[in-house]
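Asker: Okay, structure incoming, though there's no sequence with it:
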Ligand code: ADP
Ligand code: MG
């Protein structure tokens with residue numbers, strides 16, 4: 001192993017590794033298993049550097065034997081996202097980066113600069129917490145699997161529901177009130193339906209905040225990253241639908257949830273030599 005970048009977040013520890021042959025591989029641990037993640041990193045025969053980022057980077061450093069470099073989380077996330085875009089052959093002059101992690105953080109990024117535009121406490125932690133509270137299910141994969149079979153129709157109030165056949169001034173399929181129909185219809189208690197509405201609430205909130213931020217900062221495209229999207233087709237669909245309905249372009253990336261870890265890996269690499277980590281197909 002050559003270099004390792006670690007993004008120790010509020011829920012998950014994401015790790016990006018560069019191998020001797022230039023290949024990049026990824027790994028994930030729960031943040032509640034921080035010791036296990038640290039033991040794994042300690043066990044790697046590392047020829048190069050180790051760099052850490054994320055809110056739990058300090059805790060992670062205390063658990064490992066070697067002294068690691070450190071990079072600020074937003075710096076790492078933006079540079080990692082740019083690298084992953086380049087790996088996919090996507091060139092964007094500027095974009096808004098919305099990281100739906102435990103919470104949601106929004107950044108403006110272009111060739112020369114990046115800055116944090118804002119965020120919302122509604123994010124992946126909300127999917128887990130609200131799902132557990134309403135249905136008792138706290139396993140992310142099960143939440144996502146059940147939500148995919150759910151219907152929001154008896155839970156969320158759309159503009160069309162309010163206008164009841166009359167022509168609404170805005171598209172009828174827009175949500176007027178998340179969970180706003182639940183009392184009116186007697187409410188569905190099907191777990192699938194409730195979970196679909198939880199994901200709808202989170203997706204529509206992050207997309208709405210992102211579209212406003214994109215408008216203010218002049219970015220034409222929103223790149224959505226974060227582990228909340230992992231195998232979560234429903235969240236992707238809600239977010240893309242809302243973003244595009246409001247006139248922005250929506251993008252997600254393979255391995256986008258590893259942006260911070262890739263950014264840390266780039267820092268680990270640059271500490272060694274000023275050679276940028278190749279992002280073409282050979283750099284995969
Ligand atoms: P952070 O950097 O804050 O840890 P992530 O980008 O890793 O955030 O996203 C965490 C969110 O991803 C969780 O809140 C949850 O909604 C979702 N998630 C995806 N996979 C898992 C998993 N295996 N365990 C727990 N949460 C997961
Ligand atoms: Mg994170």
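Answerer: Good, I have the coordinates. Fair warning: this is a prediction, and the values are worked out from it, not measured in the lab. Numbering: from 1, shown residues only. Ligands and ions are numbered 1, 2, ... in the order given.
Asker: now do the same end-to-end measure for stretch 64-76.
Answerer: From its first residue to its last, stretch 64-76 covers 20 Å (Cα to Cα, to the nearest Å).
Asker: Which residue does the stretch 101-250 of the chain have closest to ligand 2?
Answerer: Closest residue of the stretch 101-250 of the chain to ligand 2, Cβ to the ion: residue 101 (3.6 Å). Quick note: C-beta positions are derived from backbone N, CA and C, even for glycine.
Asker: so who does the residue nearest to that residue when sequence neighbours are not counted touch?
Answerer: Nearest residue to residue 101 in three dimensions, chain neighbours excluded: residue 226, at 4.5 Å (Cβ to Cβ, 6 or more residues apart in numbering). By Cβ atoms under 8 Å, 6 or more residues apart in numbering, the contact set of residue 226 is 98-101, 104, 123-124, 256-257.
Asker: same deal with residue 150?
Answerer: Shown in contact with residue 150 (Cβ under 8 Å, 6+ apart): 190-197.
Asker: quick one: which of these sit in strands?
Answerer: Within these, no residue falls in strands by DSSP state E.
Asker: all helices for this structure, in order.
Answerer: Secondary structure of the chain, counting by DSSP state H: helices at 34-42, 57-63, 73-87, 124-135, 140-147, 159-163, 191-217, 233-245, 259-272.
Asker: Quick check: pLDDT value at residue 95.
Answerer: Note on residue 95: pLDDT of 97.
Asker: Equivalent analysis for residue 186, please.
Answerer: On the pLDDT scale, residue 186 is placed at 81.
Asker: State the distance from whichever residue of the stretch 151-284 of the chain sits closest to ligand 1 to residue 259.
Answerer: As assessed by Cβ to the nearest ligand atom, ligand 1 sits closest to residue 227 within the stretch 151-284 of the chain, at 3.2 Å. Residue 227 is 11 Å from residue 259, where distance means Cβ to Cβ, to the nearest Å.
Asker: if we can go back for a sec, winner for burial among the helices of the chain?
Answerer: With neighbours defined as mean count of other Cβ atoms under 10 Å, those peak in mean count at helix 259-272, which reaches a mean of 26.
Asker: Number of residues surrounding the residue of the stretch 101-250 of the chain closest to ligand 2?
Answerer: Per other Cβ atoms under 10 Å, the neighbour tally for residue 101 reads 26.
Asker: Residue 9 versus the spatially most central residue of the chain, what's the distance?
Answerer: Nearest residue to the geometric centre of the chain (Cα atoms, centre = their mean): residue 226, 1.4 Å. Remark: distance between residue 226 and residue 9 (Cβ to Cβ) = 9 Å.
Asker: Can you work out which residues contact both of these two?
Answerer: Common neighbours of residue 226 and residue 9, counting by Cβ under 8 Å, 6+ apart, are residue 101.
Asker: any idea how far ligand 2 is from residue 98?
Answerer: According to Cβ to the ion, to the nearest Å, residue 98 stands 12 Å off from ligand 2.
Asker: which non-adjacent residue is nearest that residue?
Answerer: residue 210 (4.6 Å).
Asker: what number of residues lie near the residue of the chain found nearest ligand 1?
Answerer: Ligand 1 sits closest to residue 9 of the chain, with a gap of 2.1 Å, by Cβ to the nearest ligand atom. For residue 9, the neighbour count with other Cβ under 10 Å is 24.
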